[in-house]
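In: Return atomic coordinates for the entry below.
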Amino acid sequence: MSNLNSISIVVLLAVGQFVLSGSTPVELRSSDLPKEPMLRKRSPTLDDRQHCRNQIVTSERLSELRQQMNRFGVQAYIIPSDNAHQSEMVSARDHRREFISGFSGSAGTAVVTQQEAALWTDGRYFDQADLQLDCNWIAMKEGKAEVPKITEWLREVLTGDDRVAADPTLIGAETWNKWQKELGSVPFDALPTNLIDEIWNESNGRPPSNKQPAFILPLKYSGMRWQDKLDTLMDELVKLDVDSMVVTALDEVAWLLNIRGSDVPNEPMLMSYLFVSSRDTVLFADPDQIPPQLHTHLNSFNCARAKCVTIRPYDQFIDELKKLTELSSRVLVPRKYSYTGGSSFAVYQAIAAPKRVMKTSPVLMMKAKKNTIEVAGMKNAHLKDAVAVCDCFSQIDEEVPNGIYWDELKISQSLLDYRAQQKDNRGASFETIGGFGANGAIIHYTTSIDTNVVIDNSSLLLVDSGGQYLDGTTDVSRTLHFGNATDEEKVSYTRVLMGHVDLARTVIPQSVKDTRIDILARNPLFLNGLDYLHGTGHGIGSFLSVHESPTYIGIGGTEENKFEENYFFTDEPGYYKSGHYGIRIESVFQVVPAVFQTQLLNRFYRFQPVTLVPFELKLILPELLNSEQIRWINDYNTRVRHEVGNELLRQNRSRAYNWLIDRTHCIAKPC
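Out: Residues are numbered from 1 along each chain as shown. Here you go, the predicted model:
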């Protein structure tokens, strides 16, 4: 591996500008090369199919959906993954696409016609789609040359006056308008009724709506009053030449008003919309979820004497938008950006066309730059999280070699339990990915009773998990081995670690965009003909979303953003050998100024780790590392040993302390 000195970093960043023109990562795994059956149904006939153990048989559900399509005169129906806020994570009640297809990945779009059913998903979920889709379905693996876009496929399979339809609340405005244009003469209708809801209700297993009340995030965690945030937002709207705004992203509403809820799994959100103008601030939410203390917090009963937020029922939002915007001349309608889905087509359509201004939400940028209290909270949350993770890993590492039973589900529960022992923990920030052996090669693997396997010392264990704390959100991936790894596993792990470290230790000019630095993490793999089918990093919220806009470090990113001081993001390269093992190393970093004695102005950033969990030393081959990589790892180990070690001792967690000390020694000179 060549030394990434300052010259080579500049070269790689420059090369990245050209490589980034591609829409998907390079794919070199033989298991994902194009196969002839990819665009056909998954078996010749439905009668003689052999279902995998974790497949849901969808024949009856598809038949019922097609009956509803006939009822509305529809020949094709689109079922996205989203809820009405285009959120990345949605409640179990909103798993319409999973209900109809059996595919549980977080990203994917199902399309059902009278004869066919197809599901589009990206490289993170190719293996999962192969496992979960029954033979009623065509697996459309996005990014492969022979796979058509949704609209291309619809134009091919529909004839004459066939109609395409969807629920306009569940599809982003830009996506809807794009599809409508691409469909050309094929009618694309917004149905007032969701056809999945017509066949899926609580009598046949649909989860009920959440009724838990929202709650206040105190100033000691939020660091800024909601009134001051709204004042800052109004200043931003003036700069954008608009006089009002619709806030549709759940994390933006939560952050602006310093409130949290329980309506989305693992993310503390309240299902809500917010309308903001110089005249009114109106929160649309279920009145039963707004307790008296929240009314007091928002001054909703005291509008005559102070800045206040009026509260109205959630289900009245679309109908009231027209009335609310009557006195507005220009209304900002958020567009899709990074992980934020933007406004639905229903919201877009409810505002008069001359008044609509489609722009990126200014709240998105405001929220990403953490204030002083949020910065301190994120660091504190990650310290507590490191204690929990190290305690859990130390127990597994002690017990598995001694024959004590562990499986993937037990790991997930154990991490929940250890995190719950830490102050201000509010559960997980996403469903734990704990994949052993071949399961680890499924990038966004979800453990279930059907897929659960026993952990032993024969292969690698990939654990990607995170916690929600009142003072911050965490996301950490480590890859472990409880026996003697093969030389191939060690080489693969070391090269992933090299990429992790090369990105972590770089210094960049403030003008460099986030997508450009992806090449640093991939380069050690590229040099050996390897790659991975996911982005290298994402922004992360403060007791909010684990994937936070705008930061996205990915070679195929469509938006490019500059870093700002006190942004927090992940660095997570990986390698996945299908059918064998997976490796991912992920840490969260804070963007801080890089200060040089020779510079007159501060024009550079560096990245400071806030995740403090040791790497797997037995998998590292020091001879593959250069001196700067070794120095960075040794410095990191010293910091982990000092900060986390002291906290483990303070909490009387001696087993975890001894485990940590054993895994943070000097790996090679220079120490």
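In: Quick test: name the residue nearest the centre of this protein.
Out: Geometric centre of the chain, nearest residue: residue 547, 3.9 Å, by C-alpha atoms, centre = their mean.
In: Residue 535 versus that one, what's the distance?
Out: For residue 547, the distance to residue 535 equals 10 Å [C-beta to C-beta, to the nearest Å]. Just so you know, the C-beta spots here come from the backbone N, C-alpha and C atoms, and that holds for glycine as well.
In: same check, this time on residue 437
Out: To residue 535, residue 437 is 24 Å away according to C-beta to C-beta.
In: When the two are compared, which one has more neighbours?
Out: residue 535 (22 against 19; other C-beta atoms under 10 Å).
In: Quickly note the distance from the more buried one to residue 245.
Out: Applying C-beta to C-beta, the value for residue 535 to residue 245 is 29 Å.
In: Ok, residue 434 next?
Out: 41 Å.
In: just residue 405 next, same as before
Out: 54 Å.
In: Please give me every residue in contact with residue 398.
Out: Counting by C-beta atoms under 8 Å, 6 or more residues apart in numbering, residue 398 makes contact with 655, 659.
In: Contact partners for the residue nearest to the centre of the chain?
Out: Counting by C-beta under 8 Å, 6+ apart, residue 547 touches 88, 339, 538-540.
In: again, 6 Å this time
Out: Applying C-beta atoms under 6 Å, 6 or more residues apart in numbering, we find residue 547 in contact with 88, 339, 538.
In: now do residue 187
Out: Residue 187 touches residue 163, counting by C-beta under 6 Å, 6+ apart.
In: Mind pulling up the pLDDT for it?
Out: As predicted, residue 187 sits at a pLDDT of 95.
In: How about residue 236?
Out: At residue 236, pLDDT is 98.
In: Tell me the spatial nearest neighbour of it, not counting adjacent residues.
Out: residue 362 (3.9 Å; C-beta to C-beta, 6 or more residues apart in numbering).
In: and that neighbour, how many neighbours?
Out: Residue 362, neighbours per other C-beta under 10 Å, totals 22.
In: With just CA atoms, put stretch 383-399 into CSV.
Out: Provided in CSV are the C-alpha atoms of stretch 383-399 (Å, rounded to 0.1, in the frame of the first residue of the first chain):
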residue,chain,number,x,y,z
LEU,A,383,-18.4,7.6,25.4
LYS,A,384,-21.3,5.9,27.1
ASP,A,385,-22.0,3.9,23.9
ALA,A,386,-18.4,2.8,23.8
VAL,A,387,-18.7,1.5,27.4
ALA,A,388,-21.8,-0.5,26.4
VAL,A,389,-20.4,-1.9,23.2
CYS,A,390,-17.1,-2.9,24.9
ASP,A,391,-18.9,-4.6,27.8
CYS,A,392,-21.0,-6.6,25.3
PHE,A,393,-18.1,-7.5,23.1
SER,A,394,-16.0,-8.5,26.1
GLN,A,395,-18.7,-11.0,27.2
ILE,A,396,-19.0,-12.5,23.8
ASP,A,397,-15.3,-12.8,23.4
GLU,A,398,-15.0,-14.5,26.7
GLU,A,399,-17.9,-16.9,26.3
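In: And that stretch, how far out from the chain middle?
Out: Distance of stretch 383-399 from the chain centroid (C-alpha atoms, centre = their mean, to the nearest Å) equals 24 Å.
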